[in-house]
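>>> output the structure for:
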Amino acid sequence: MGPLLIEAFRYHKWANLHLLDVCARLSNEQLQLTTPGTYGTIAATLQHLLGGEQRYLRRMVGHEPQIHEKDKFPGVGALRLIAERGGNQLIEAAGRITPDDVIDTQYGDRQFQLHLGVVLLQALHHGNDHRTHICTILGAHGLEYGDMDVWAYGEATGGMVPVLAT
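Okay, the predicted model is just below:
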């Protein structure tokens, strides 16, 4: 779809990994924290976020999911490996999929054609939505998670380079 969408998925991968690194420092009890208005516990939300990403990849590129939401929580380390691999696959898909690419699929009882560009954008939205849920839980419980907005991504990856005053 183009270089800007590829960059958006580079950010998506970076943000997922940043948040997983934050969560790797949490205790098992802290991973069970939740806050009203969010998806569920931190652990359940991480698993849902990455399970969803795996389902989107199955539709877009045919990869079988490595994790399902109903599986036992595999731990943050295992989720990080899945996020790393899935992030790379989404970046690759963002460079290859066009808005006109479609698949025939079923949802419930209904059969329909699904534009893969919509699936790609849903993956981006879904990740942002659930990362926000986790940050809400962390913040509500006084747990620091650092900066993970696009500005922080730019600084971390060299997309924002300070100019020296002359």
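>>> give me the low-pLDDT residue ranges for this protein?
The chain contains residues with pLDDT under 70 at 1-2, 165-166.
>>> swap the cut-off to 80 and go again
For the chain, the stretches flagged by pLDDT under 80 are 1-2, 99, 160-166.
>>> what residue lies at the spatial centre of it?
Centroid-nearest residue in the chain, with C-alpha atoms, centre = their mean: G127, separated by 3.6 Å.
>>> for that residue, which non-adjacent residue is closest in space?
H12 (5.2 Å; C-beta to C-beta, 6 or more residues apart in numbering). Glycine gets a C-beta too; all of them are placed from N, C-alpha and C.
>>> coming back round to it: the residue nearest to the centre of the chain and G108, how far apart?
24 Å (C-beta to C-beta, to the nearest Å).
>>> the strands in the chain, which residues?
102-107, 110-115 (DSSP state E).
>>> which positions in the last one come out as buried?
Meaning strand 110-115. L114 (16 or more other C-beta atoms under 10 Å).
>>> tell me what the top helix by length along the chain is packed against?
When the chain is parsed with DSSP state H, its longest helix is helix 116-140. Secondary-structure packing of helix 116-140 (3 or more C-beta pairs under 8 Å, 6 or more residues apart in numbering; DSSP states H and E): helix 3-24, helix 42-61, helix 76-96.
>>> any buried residues in it, and which?
116-117, 119-124, 126-127, 130-131, 133-138.
>>> hmm, back to that, and the helices and strands packed on helix 116-140 as CSV, adding distance to T157 and mean neighbour count?
Written out in CSV, the entries for the helices and strands packed on helix 116-140 read as follows (distance: least, C-beta to C-beta, whole Å; neighbours: other C-beta atoms under 10 Å):
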stretch, distance to T157, mean neighbour count
helix 3-24, 7, 18
helix 42-61, 20, 21
helix 76-96, 13, 18
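>>> to I103, which of those helices lies closest?
helix 42-61 (6.1 Å; C-beta to C-beta).
>>> with just CA atoms, put the closest one into CSV.
C-alpha atoms of helix 42-61 as CSV (Å, rounded to 0.1, in the frame of the first residue of the first chain):
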residue,chain,number,x,y,z
ILE,A,42,-3.4,-7.0,31.3
ALA,A,43,-2.6,-10.7,30.5
ALA,A,44,-5.9,-11.3,28.8
THR,A,45,-5.7,-8.1,26.8
LEU,A,46,-2.1,-8.9,25.6
GLN,A,47,-3.3,-12.3,24.5
HIS,A,48,-6.4,-10.9,22.8
LEU,A,49,-4.3,-8.2,21.0
LEU,A,50,-1.8,-10.7,19.6
GLY,A,51,-4.4,-13.4,19.0
GLY,A,52,-6.3,-11.0,16.9
GLU,A,53,-3.2,-10.0,15.0
GLN,A,54,-2.6,-13.7,14.3
ARG,A,55,-6.1,-14.1,12.9
TYR,A,56,-5.6,-11.0,10.6
LEU,A,57,-2.4,-12.5,9.4
ARG,A,58,-4.1,-15.8,8.6
ARG,A,59,-6.6,-13.9,6.4
MET,A,60,-4.0,-11.7,4.7
VAL,A,61,-1.1,-14.1,4.2
